[in-house]
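# Below are the sequence and a predicted model for it; my questions follow.
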Amino acid sequence: QVQLVESGGGLVQAGDSLRLSCAASGRTFSSYAMAWFHQAPGKEREFVAAINWSGRSTYYADSVKGRFTISRDNAKNTVYLQMNSLKPEDTAVYYCACRQSLYTSSSYSTTEYDYWGQGTQVTVSS
């Protein structure tokens, strides 16, 4: 069982930055691929970014490429999402997810991830 706790969300203005953190329990964090998804009101949960077990491979949704950076610190059992140049359309609840595999899935589907955090709200005002 893996427990994930997100933090770092908040209310910011367009163009600002935020860094989300996701702390994971358990000793096997370094063996798992991790990802961030977001869900806006009335919409489905969507893939944002993913990172493999080592941190050497990262993947992004087209909408955030060049603005967001996913990273991880296996010594701290934590994955991060640095969000720069935020836009109002980035407003959503952001969820951290864990996949019991060294590698991310090629589909970036929510069904490929085994554990989820409770989410943290990010609101970007124009």
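That came through fine.
# now the spatially most central residue of the chain: how far from L18?
For the chain, the residue nearest the mean C-alpha position is W36 (2.1 Å; Cα atoms, centre = their mean). Remark: distance between W36 and L18 (Cβ to Cβ, to the nearest Å) = 12 Å. (C-beta placed from N, C-alpha, C; glycine too.)
# quick one: contacts for the residue nearest to the centre of the chain?
Going by Cβ atoms under 8 Å, 6 or more residues apart in numbering, W36 touches L20, C22, V48, A49, A50, I70, V79, L81, Y94, Y95, C96, A97.
# Ramachandran coordinates for the residue nearest to the last one when sequence neighbours are not counted?
Same thing as A97. Of all residues not flanking A97 in the chain, Y113 sits nearest, at 3.8 Å (Cβ to Cβ, 6 or more residues apart in numbering). Per-residue torsions, Y113: phi -110, psi 140 (degrees, to the nearest 10).
# how many other residues sit next to Y113?
For Y113, the count of nearby residues is 24 (other Cβ atoms under 10 Å).
# Excluding chain neighbours, what is closest to the residue nearest to the centre of the chain?
W36 sits nearest to V48 (Cβ to Cβ, 6+ apart), 4.4 Å away.
# buried residues in the helix or strand that contains T69?
Here T69 is covered by strand 68-73, with elements defined by DSSP states H and E. Neighbour counts using 16 or more other Cβ atoms under 10 Å place F68, T69, I70, R72 of strand 68-73 among the buried residues.
# wait, which of those is closest to E89?
When the buried residues of strand 68-73 are compared for distance to E89 (Cβ to Cβ), F68 comes out closest, at 12.9 Å.
# Counting by contacts, list what the strand holding T69 packs against.
The contact analysis (3 or more Cβ pairs under 8 Å, 6 or more residues apart in numbering; DSSP states H and E) places strand 68-73 against strand 33-39, strand 46-51, strand 58-60, strand 78-83.
# Thank you kindly, that will do.
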